[in-house]
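# What follows is a protein structure lacking sequence information:
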């Protein structure tokens, strides 16, 4: 099954102590690049998160966000910062004495000052937290994978349609190609007669020799066979192989362009040239779509 590199997945999990939300967004990238945004206090779980993501994201850039909300007091610890409290008290006393202000500096006032008392997560069981985060990330990556598979199906349909279009054009060129030599021979023969005004007998052997040279130089049979073969291979990769296949398709598109350019350069026929322009247009659309495939 072909998968798109772009997608989004969300996962939520609660173990009774904490509620965890994981979100993963992926975009196109030549390689696998996984970045994680999460509170520093849970950074011990980062490698586990990456390991889960790598099972699904073989190619592409992934942004993973982890949010943890503690729903019990088990993971919370209230800390008193006595150094900060002392600075507040000293500064308030100085302010009071300097300007002759009235009022008491009591515990109610000092305890509400910023950073004097702070509730912070107190993670005692890291393995328990990791297991909870893994659950949320697994759900998120599964949802991401489902979305990318749906998008991959759409890409497959489009690419197969364009592959068949190119094969149809190749058939038209195969029919036209033999007539090019015949047209060239007739034009050359008529041109010689026109220039000599029928005063000289045109040597048929010489005409046939020139036509043979032209036919050899403009022969595109091998290129047409290879181009058609590339389209068959495209269909096989899309229908028979499992993701990731993006890099393989990148290389295949390069080969398609190589054959198309050779056919275009060897062709000396306006009709074939027009057909090749149409072919190259379709190959470019194939290339653009392949950039989205994992």
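Nice, thanks for sending it over. Just so we're clear, the structure is a prediction, and the values are computed from it rather than from any experiment. Residues are numbered from 1 along each chain as shown.
# So which residues of the stretch 101-250 of the chain form strands?
Assigned strands in the stretch 101-250 of the chain, in chain order: 117-121 (criterion: DSSP state E, counting those that start in this stretch).
# Would you mind checking the average pLDDT for the helix ranked longest in the chain?
Counting residues, the longest helix found in the chain (DSSP state H) is helix 126-196. Summarised as a single mean, pLDDT over helix 126-196 is 86.
# Least confident secondary structure element in the protein?
helix 204-217 (a mean of 62; mean pLDDT, DSSP states H and E).
# Tell me what residue 12 is bridged to.
residue 21 (DSSP bridges).
# hang on, isn't it packed against residue 139?
Yes. The pair residue 12 / residue 139 is scored as a contact, 7.1 Å apart, by Cβ atoms under 8 Å. No exception for glycine: its C-beta is placed from N, CA and C like everyone else's.
# residues shared between the contacts of those two?
residue 22 (Cβ atoms under 8 Å, 6 or more residues apart in numbering).
# The two: which is more packed in?
residue 139 (18 against 14; other Cβ atoms under 10 Å).
# what sits against the closest residue to residue 66 other than its chain neighbours?
Once flanking residues are discounted, residue 66 sits nearest to residue 38: 3.7 Å by Cβ to Cβ, 6 or more residues apart in numbering. Going by Cβ under 8 Å, 6+ apart, residue 38 touches 45-46, 49, 64-68.
# Could I get the buried residue list for stretch 270-280?
Using 16 or more other Cβ atoms under 10 Å as the test for burial, stretch 270-280 gives 272, 275-276, 279-280.
# sorry, back to before: need the per-residue pLDDT for the residue nearest to residue 66.
At residue 38, pLDDT is 94.
# Then residue 9 would be within a helix, right?
No. Counting by DSSP: H, G, I helix; E, B strand; the rest coil, residue 9 is not part of a helix but strand.
# what number of residues lie near the closest residue to it other than its chain neighbours?
Leaving out its chain neighbours, the residue that sits closest to residue 9 by Cβ to Cβ, 6+ apart is residue 144, at 2.9 Å. Neighbourhood size, residue 144 [other Cβ under 10 Å]: 26.
# Domains in this protein, by residue range?
The chain breaks down by automatic domain parsing into domains covering 7-72+124-148, 76-121, 152-290.
# right, so of these, which gets closest to residue 1?
Proximity to residue 1 (Cβ to Cβ) singles out domain 152-290 among these, at 6.1 Å.
# Give me the distance between that closest one and the centre of its chain.
Offset of domain 152-290 from its chain centre (Cα atoms, centre = their mean, to the nearest Å): 30 Å.
# mind checking the end-to-end distance for that domain?
End-to-end distance of domain 152-290 (Cα to Cα, to the nearest Å): 10 Å.
# Which strands or helices does the longest helix of the chain pack on?
Helix 126-196 sits against strand 7-14, strand 18-27, helix 46-56, strand 60-70, helix 204-217, helix 221-240, helix 270-290, with contacts defined as 3 or more Cβ pairs under 8 Å, 6 or more residues apart in numbering; DSSP states H and E.
# Taking helix 221-240 as reference, get the angle to the longest one.
Per axes from the mean of the first three to the mean of the last three Cα atoms, to 10 degrees, the angle that helix 270-290 makes with helix 221-240 is 30 degrees.
# got any ranges where the stretch 1-150 of the chain has weak pLDDT?
Low-confidence segments of the stretch 1-150 of the chain, defined by pLDDT under 70: 71-76, 121-124.
# Give me the pLDDT for residue 272.
For residue 272, pLDDT reads 88.
# OK, contacts around it?
173, 176-177, 180, 220, 263.
# what about 6 Å?
Contact analysis of residue 272 by Cβ atoms under 6 Å, 6 or more residues apart in numbering lists 173, 176.
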